[in-house]
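> Okay, sequence plus prediction incoming.
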Amino acid sequence: MRFALSFLTVLPVGKRGPGPSRWALFWFAPVGVAIGLVLAGVGFLGARLWGPLAGAALVLLAEFLLTGGLHLDALADVADGLYSRRPPAQALEAMRDPRIGALGAASLAVFLLLRLSFFYLLISGGRWLALALPACVGRAGMVVALALSKPPEGPSLARQLQEVAAPPVAAAASLAALAMGGVLAGGRGVLSSGAGLLASVLTARGLERRWGWLSGDCVGTSGALAELVGLACLASGALARGV
């Protein structure tokens, strides 16, 4: 669990060690729930003090502070690589460039605006526990993407994670996300978790087909889109009830 906490948050829990164990990745989903519960509490307090829009914005801020904005740069980098429409080797160079291109920045802005809107819908509907689910789905989606993908060439943290992301671990993380969906948001939560996990699989497959393997940025993007799709499904339930 320490590895999951140190990788997914900025909490001072000590060094990660030489590498993750096989079942260290299972803890990604429970740690995601813990992160989500913190965000739900922030959203609740923010909405009570300043209204639902401010509550939604504070949820985003709290996530930045708690996770260090994990994988937001990955999303922008992958967008730069995809939009470059260059051969894989040249697209990889675009992804590795520390500068974010215009299309990468635009993709990141749209991603954040969508999350803000969906958080606003959930908060407006008083669905506080549902706010905790997307973070769990996104982290479980990363484990699934790691288990189903070909590792990149050369030593890297992504390769270490993929080497221990066996199918049983991915299945356990997926079941944990589905179970937490039921606990936090009932039947719609289960459907949202399933949709998010499917989005992670499809994203990972598509990116792997584009480049031949899955880098750490691609894994992060798979998790980010899994979280966004799960959040969208939850928010659609709030909208259907007239929020």
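Structure received. Numbering: from 1, shown residues only.
> switch to C-alpha atoms for all contacts and neighbour counts from now on
Fine.
> what residues are up against A235?
With contact taken as Cα atoms under 8 Å, 6 or more residues apart in numbering, A235 is in contact with F118, F119, L121, L122.
> Which of those ranks first by neighbour count?
F119 (29 neighbours; other Cα atoms under 10 Å).
> Isn't it up against A47?
No: F119 lies out of contact with A47 (Cα atoms under 8 Å); the separation is 11.1 Å.
> Quickly list what's touching both of the two.
By Cα under 8 Å, 6+ apart, the residues touching both F119 and A47 are A56.
> For R86, what is the enclosing helix or strand?
R86 belongs to no helix or strand when assigned by DSSP states H and E.
> so how many other residues sit close to it?
Counted with other Cα under 10 Å, R86 comes out at 13.
> For it, give me phi and psi.
Dihedral pair for R86: phi -100, psi 170, per degrees, to the nearest 10.
> try L11
phi -70, psi 140.
> ok, now C136?
Taking degrees, to the nearest 10 as the convention, C136 sits at phi -70, psi -50.
> ok, for it, nearest residue in space, not its chain neighbours?
In this structure, C136 finds its nearest non-sequential neighbour in G32, 4.0 Å apart by Cα to Cα, 6 or more residues apart in numbering.
> any idea how far S107 is from L114?
Going from L114 to S107 by Cα to Cα, to the nearest Å gives 11 Å.
> brain fart, R99
14 Å.
> So these two - more neighbours on which side?
Comparing R99 with S107 by other Cα under 10 Å, the one with more neighbours is S107, at 18 against 14.
> Convert the helix or strand harbouring the more buried one to PDB, retaining C-alpha atoms only.
Here S107, judged by DSSP H and E, is contained in helix 102-124. Extracted in PDB, the C-alpha atoms of helix 102-124 (Å, rounded to 0.1, in the frame of the first residue of the first chain):
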ATOM      1  CA  ALA A 102      -1.000  24.400 -28.400                       C
ATOM      2  CA  LEU A 103      -3.100  21.300 -29.200                       C
ATOM      3  CA  GLY A 104      -1.900  19.600 -26.000                       C
ATOM      4  CA  ALA A 105      -2.800  22.600 -23.900                       C
ATOM      5  CA  ALA A 106      -6.200  22.800 -25.600                       C
ATOM      6  CA  SER A 107      -6.900  19.200 -24.900                       C
ATOM      7  CA  LEU A 108      -5.900  19.600 -21.300                       C
ATOM      8  CA  ALA A 109      -8.200  22.700 -21.000                       C
ATOM      9  CA  VAL A 110     -11.100  20.800 -22.400                       C
ATOM     10  CA  PHE A 111     -10.400  17.800 -20.100                       C
ATOM     11  CA  LEU A 112     -10.400  20.100 -17.000                       C
ATOM     12  CA  LEU A 113     -13.500  22.000 -18.100                       C
ATOM     13  CA  LEU A 114     -15.500  18.700 -18.600                       C
ATOM     14  CA  ARG A 115     -14.400  17.500 -15.200                       C
ATOM     15  CA  LEU A 116     -15.400  20.800 -13.600                       C
ATOM     16  CA  SER A 117     -18.800  20.600 -15.300                       C
ATOM     17  CA  PHE A 118     -19.400  17.000 -14.200                       C
ATOM     18  CA  PHE A 119     -18.300  17.700 -10.600                       C
ATOM     19  CA  TYR A 120     -20.700  20.700 -10.600                       C
ATOM     20  CA  LEU A 121     -23.600  18.400 -11.600                       C
ATOM     21  CA  LEU A 122     -22.900  15.900  -8.900                       C
ATOM     22  CA  ILE A 123     -22.500  18.500  -6.200                       C
ATOM     23  CA  SER A 124     -25.700  20.300  -7.400                       C
END
